[in-house]
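*Asks:* Could you work out the structure for the sequence below:
(one chain, ligands or ions: 2)
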Amino acid sequence: MSTPVRVAVMGTGSWGTAFGMVLADAGCEVTLWARRPQLAETVNSTRVNPDYLPGVELPKNLRATADAAEALRDAEFTVLAIPSQSLRENLAEWLPLLAPGTVLVSLMKGVELGSAMRMSEVIEDVAKVGADRVAVVTGPNLAREVAARMPAAAVVACADEAVARRLQAACHTPYFRPYTETDVVGCELGGAVKNVIGLAVGIADGMGLGDNAKGSLITRGLAETARLGTVLGADPLTFSGLAGLGDLVATCSSPLSRNHTFGTNLGKGMTLEETIAVTEQTAEGVKSCESVLDLARRHGVDMPITETVAGIVHEGKPPVVALKELMSRSAKPERR
Ligand SMILES: NC(=O)C1=CN([C@@H]2O[C@H](COP(=O)(O)OP(=O)(O)OC[C@H]3O[C@@H](n4cnc5c(N)ncnc54)[C@H](OP(=O)(O)O)[C@@H]3O)[C@@H](O)[C@H]2O)C=CC1
Ligand SMILES: O=C(CO)COP(=O)(O)O
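*Replies:* Numbering: from 1, shown residues only. Ligands and ions are numbered 1, 2, ... in the order given. Here you go, the predicted model:
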């Protein structure tokens, strides 16, 4: 029997834990890093993560620790599953502890505020590694459904296809079907921007704008994602795949999506402060609407839905006013 692949998952939130389960079910030996020692102890003693996936029994080949060195030791893959805006400082701290040659895998769907960097760019910048040592897992993967072992497909992307294939093998289970991809830029943008569009659709749902509005926002949201992606060198076809359309549809249809729910609350009339207060988990689009817009402006790309969301979330623009502005933009062809 071959030795199991050792994987460190840095982050014991909903997706870190659920993806850790996938890896464990695929036969890997998984160590989750939790920043709270109490949570690591609870996971090990009860085999449940009560804070993020209550009622889900975790596999035996998955354990938790609050000791980053212990989690990272000898890891073939180091999976990063923390909020995007906290990646730089955490990775800098973990740097001396990384296993030599480990592949750094991002589960994060955000763009860094200030630098407007994608997560793989932050990883390369902090860890001083080449693109062949950085991979991304993305797609329609709502954590609670994956943790219930409901079927899902995903994309594992790396500039080095051989690395993507190794990661694919490490996370392939009867209920989780990963496809390889080399378009890291497209995959990351698909994931980050869909959170912003998820907020927009949530706001529309909260306002009771109906399914035509939802279909229009999803489609035009995908169009602006592809517009930015193409300028940044992504393959436009990536956006009609799992990392684009697939993730967008799942997020915009599901009450399990934190971004969608966050938007719905805003659309129903909650203030930003009230909405933040009732949101217990990471809704990446709230911060990424600003950094995605920054990225788009740096490249002269028009992203009206992202701009509208940023106006509502960060400038306190009433959704009805923002909607009126969005609908009264000058007429144009659908494709240009
Ligand atoms: N949930 C999902 O369905 C999916 C999420 N993603 C992406 O995965 C990434 C992680 O999300 P998810 O697991 O859902 O988030 P959660 O909010 O569920 O968990 C966040 C995790 O990060 C930890 N954390 C929070 N702040 C910090 C910090 N400043 N430094 C270090 N650790 C921190 C939390 O620890 P503590 O508990 O101590 O606060 C927790 O372990 C996001 O980018 C998200 O977009 C991608 C696909 C699916
Ligand atoms: O990325 C996700 C599903 O693929 C999870 O979406 P939320 O972060 O909005 O919950």
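*Asks:* Flag every residue of this structure that's near ligand 1.
*Replies:* 11-16, 35-36, 51-52, 81-84, 86, 90, 107-110, 141-143, 281-282, 284 (CB under 6 Å from any ligand atom). For glycine as for every other residue, the C-beta is placed from the backbone atoms N, C-alpha and C.
*Asks:* Give me the PyMOL select line for these, limited to the buried ones.
*Replies:* In PyMOL, a selection of the buried entries from these looks like this (16 or more other CB atoms under 10 Å):
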select buried, resi 11+12+13+14+15+16+51+52+81+82+83+84+90+107+108+109+110+141+142+143+282+284
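*Asks:* of the residues of the chain next to ligand 1, list those near ligand 2.
*Replies:* Among those, the residues within reach of ligand 2 (CB under 6 Å from any ligand atom) are 109, 141, 142, 284.
*Asks:* and the first one, helix, strand or coil?
*Replies:* What that stands for is residue 109. Following DSSP: H, G, I helix; E, B strand; the rest coil, we place residue 109 in the coil state.
*Asks:* Make sure it is actually in contact with residue 139.
*Replies:* No: with contact defined as CB atoms under 8 Å, residue 109 does not count as touching residue 139 (10.3 Å).
*Asks:* related to what we said a few turns ago, redo the ones next to ligand 2 among the residues of the chain next to ligand 1 as JSON lines? Include distance to residue 233, pLDDT and secondary structure.
*Replies:* Output for those, formatted as JSON lines (distance: CB to CB, whole Å; pLDDT from 0 to 100; DSSP: H, G, I helix; E, B strand; the rest coil):
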{"residue": "109", "distance to residue 233": "19", "pLDDT": "98", "secondary structure": "coil"}
{"residue": "141", "distance to residue 233": "25", "pLDDT": "98", "secondary structure": "coil"}
{"residue": "142", "distance to residue 233": "29", "pLDDT": "98", "secondary structure": "coil"}
{"residue": "284", "distance to residue 233": "22", "pLDDT": "96", "secondary structure": "coil"}
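*Asks:* which residues are contacting stretch 264-271?
*Replies:* Applying CB atoms under 8 Å, 6 or more residues apart in numbering, the contact partners of stretch 264-271 are 199, 202-207, 272, 274-275, 278-279, 312-313, 319.
*Asks:* Residues in a beta bridge with the residue nearest to residue 241 when sequence neighbours are not counted, which ones?
*Replies:* Counting by CB to CB, 6 or more residues apart in numbering, residue 155 is the residue found nearest to residue 241 once chain neighbours are left out, at 6.8 Å. As for beta bridges, residue 155 partners with residue 138, residue 179 under DSSP bridges.
*Asks:* State the number of residues packed around residue 155.
*Replies:* Look at residue 155: counted by other CB atoms under 10 Å, it has 29 neighbours.
*Asks:* try residue 159
*Replies:* Around residue 159 there are 17 residues (other CB under 10 Å).
*Asks:* Kindly report the same for the one 3 residues further on.
*Replies:* In terms of burial, residue 162 registers 9 neighbours under the definition other CB under 10 Å.
*Asks:* gap between it and ligand 1?
*Replies:* According to CB to the nearest ligand atom, to the nearest Å, residue 162 and ligand 1 sit 24 Å apart.
*Asks:* Am I right that that residue is in a strand?
*Replies:* No: using three-state DSSP, the secondary structure at residue 162 is helix, not a strand.
*Asks:* Show the model's pLDDT score for it.
*Replies:* Looking at residue 162, its pLDDT is 98.
*Asks:* measure it to ligand 2 for me?
*Replies:* Residue 162 is 26 Å from ligand 2, by CB to the nearest ligand atom.
*Asks:* so who does the most centrally placed residue in the chain touch?
*Replies:* For the chain, the residue nearest the mean C-alpha position is residue 109 (2.8 Å; CA atoms, centre = their mean). Residues counted as contacts of residue 109 (CB under 8 Å, 6+ apart) are 84, 138, 188, 191, 192, 194, 195, 284, 288.
*Asks:* could you redo the last one with a cut-off of 6 Å?
*Replies:* 191, 192, 195, 284 (CB atoms under 6 Å, 6 or more residues apart in numbering).
*Asks:* Which ones among these map onto strands?
*Replies:* Per DSSP state E, strands hold no members of the contacts of residue 109.
*Asks:* Out of the residues you listed, which comes closest to residue 294?
*Replies:* residue 192 (12.0 Å; CB to CB).
*Asks:* Up against ligand 2, what does this protein have?
*Replies:* 109, 140-142, 195, 198, 247, 250-251, 257-260, 284.
*Asks:* Quick check on residue 174: phi, psi?
*Replies:* Here is the backbone geometry of residue 174 (degrees, to the nearest 10): phi -60, psi -20.
*Asks:* What segments of the protein are strands?
*Replies:* Using DSSP E, strands in the chain cover 6-10, 29-33, 62-65, 77-80, 103-106, 134-138, 152-158, 176-181.
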